[in-house]
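Peer 1: could you work out the structure for the sequence below:
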Amino acid sequence: MGQKRTAIAGLGLSDIGKVYSYSATEFAAIAVRNAVADAGISLGDVDGLIMSGGLSQGLGLNLQGALGVTDLNLLTHMQGYGSTAAQMVQYASMAVQSGMAETIAIVWADDPLKENRGGSAAYKSASEGSTGWRGLLASSGIYSANTYYALAARRHMRKYGTTSDHLGAIAVAQRKWAMMNPLAQLRTPLTLEDYHASRYISEPFHLFDCCLVSNGGIALVITSLERARLLPQPPVEVLGWAQAHPGRTGVRNDDFGLTSGAATAGPAALKMADTSLDEIDLVEVYDCYSYTALVTLEDYGFCDKGEGGPFLAQPGVLGPGGSLAVNTGGGQLSSYYLWGMTPLSEAVIQARGQAGERQVSRHDRVLVSGNGGTLDHHATLVLGTV
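Peer 2: Sure, this is the predicted structure:
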């Protein structure tokens, strides 16, 4: 008898964006309840709970009490930064396969946005008070994700000739997808001229190279494929997964900014799923910055290393109707930023065939990425329809 197959049977979202009326724990509880209802089960059917949060650090094991669920067989809090969402799916699947739990809710939530305070303030405060080596870097102006990733992007540009036009093409294409997504925070048209006219955040990044800041929560229900087939929603099977943790931030190395954990995790996940890149119908990648999407797609093998910029900027590659369906909800640049749950939630919506106007015609195999740290942590999923 083969190993038990697992599937995503429920998806639940809270309100997302500039929503100030809930804490991270409350966002998480709303998302879990919505995911459970979406799966056609009750909270009492959940026997496993895996959670993760962002900057506010307000979400923890207390979520069990907030939900009022008892007698769980699995309860844990995880943190792999942007790779966490995909990791949670992996660990939940392994728990179901082992028999440790039968029905597991996974959830990510955060509330960094505060009224009368810009989104950048939330992430700036998280980097203040650095000591030691990071304090020395901070005194030189290198103190945030923006600056670390800007250095990585600049390295890629100097090595391979990647340009701002190349990065802008990604931002423009994702905005076109977001314009068809009713959940997206940014739905106004964006041209390459608009992109270049936007202010610099940390050179070479313009405003539209950088992800949004959002409040909210997203949850999934993971169970066996056999059980998922009996539930109301189309099952989204978890076909393959892998992780890679280079862990080289702050360490002198020759490939900083040139490669990521996707180069290892991508092929491994595809091998586990017994599939190949040419069988992938759409790709939902972690795009905290336009550059991150570019280097991930290179590392997955959609083009040769160093050719991501020219390849992705070609007419007819990205955007609705393009040959490569990437971040079909608008991604973190234009839709919403709930860390790794952004690409993962869109993957589930597309695989189910429930994306409405932006639905792609072929959605049997979906490649999903999660990225954390400054290219330090990576998790890949291959999802599929039954």
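
Peer 1: what's the burial count for residue 248?
Peer 2: A count of neighbours around residue 248, defined by other Cβ atoms under 10 Å, yields 16. All C-beta spots, glycine's among them, are computed from the backbone N, C-alpha and C.

Peer 1: oops, could you answer that again for residue 217 instead?
Peer 2: Residue 217: 31 neighbours (other Cβ under 10 Å).

Peer 1: helix or strand for it, which one?
Peer 2: strand 216-224 (DSSP states H and E).

Peer 1: paired strands for that strand, with orientation please.
Peer 2: strand 6-13 (antiparallel), strand 104-110 (antiparallel) (DSSP bridges).

Peer 1: pick the most deeply packed of these.
Peer 2: Of all the strands paired with strand 216-224, strand 104-110 carries the top mean neighbour count, a mean of 29, counting by mean count of other Cβ atoms under 10 Å.

Peer 1: low-scoring stretches of the stretch 251-386 of the chain, by residue?
Peer 2: For the stretch 251-386 of the chain, residues meeting the criterion pLDDT under 70 lie at 251-253.

Peer 1: how about the strands of it, start to end?
Peer 2: Along the stretch 251-386 of the chain, counting by DSSP state E, counting those that start in this stretch, strands occupy 282-284, 365-372, 377-385.

Peer 1: using a markdown table, lay out these together with distance to residue 56.
Peer 2: Formatted as a markdown table, the strands of the stretch 251-386 of the chain follow (distance: least, Cβ to Cβ, whole Å):
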| stretch | distance to residue 56 |
| --- | --- |
| strand 282-284 | 25 |
| strand 365-372 | 17 |
| strand 377-385 | 20 |
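
Peer 1: make CSV from those and add distance to residue 322 and mean neighbour count to it.
Peer 2: Putting the strands of the stretch 251-386 of the chain into CSV (distance: least, Cβ to Cβ, whole Å; neighbours: other Cβ atoms under 10 Å) gives the following:
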stretch, distance to residue 322, mean neighbour count
strand 282-284, 11, 25
strand 365-372, 16, 29
strand 377-385, 20, 26
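
Peer 1: what's the closest of those to residue 109?
Peer 2: Smallest distance to residue 109 across these (Cβ to Cβ): 15.9 Å, for strand 365-372.

Peer 1: elements contacting that closest one?
Peer 2: For strand 365-372, the packing partners by 3 or more Cβ pairs under 8 Å, 6 or more residues apart in numbering; DSSP states H and E come out as helix 84-98, helix 262-272, strand 282-284, helix 290-300, helix 341-352, strand 377-385.

Peer 1: what about residue 232, how many neighbours?
Peer 2: For residue 232, the neighbour count with other Cβ under 10 Å is 12.

Peer 1: for it, give me the pLDDT.
Peer 2: According to the prediction, residue 232 has pLDDT 98.

Peer 1: so which of the strands of the stretch 251-386 of the chain is nearest residue 66?
Peer 2: Nearest of the strands of the stretch 251-386 of the chain (Cβ to Cβ): strand 365-372, 25.1 Å.

Peer 1: note down every partner strand of the closest one and its orientation.
Peer 2: Strand pairing (DSSP bridges) places strand 365-372 next to strand 282-284 (parallel), strand 377-385 (antiparallel).

Peer 1: name the residues of stretch 272-279 that are buried.
Peer 2: Residues 273, 275 are the ones in stretch 272-279 that count as buried (16 or more other Cβ atoms under 10 Å).

Peer 1: then stretch 23-43?
Peer 2: For stretch 23-43, by 16+ other Cβ under 10 Å, it's 23-36, 38-39, 41.

Peer 1: check stretch 223-230 too.
Peer 2: Neighbour-count burial for stretch 223-230 [16+ other Cβ under 10 Å]: 223-225, 227-228.

Peer 1: try stretch 77-92
Peer 2: 78, 80-92.

Peer 1: would TSV of these with pLDDT be doable?
Peer 2: Output for the buried residues of stretch 77-92, formatted as TSV (pLDDT from 0 to 100):
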residue	pLDDT
78	96
80	94
81	95
82	96
83	97
84	97
85	98
86	98
87	98
88	98
89	98
90	98
91	98
92	98
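
Peer 1: quick revisit: with distance to residue 105 added, can I get the strands paired with strand 365-372 in CSV?
Peer 2: Supplementary listing: the strands paired with strand 365-372 in CSV, determined by distance: least, Cβ to Cβ, whole Å:
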stretch, distance to residue 105
strand 282-284, 21
strand 377-385, 17
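
Peer 1: what's across from the residue nearest the centre of the chain in the sheet?
Peer 2: The chain has residue 340 as the residue nearest its centroid, 2.6 Å off, counting by Cα atoms, centre = their mean. Per DSSP bridges, the residues bridged to residue 340 are residue 338.
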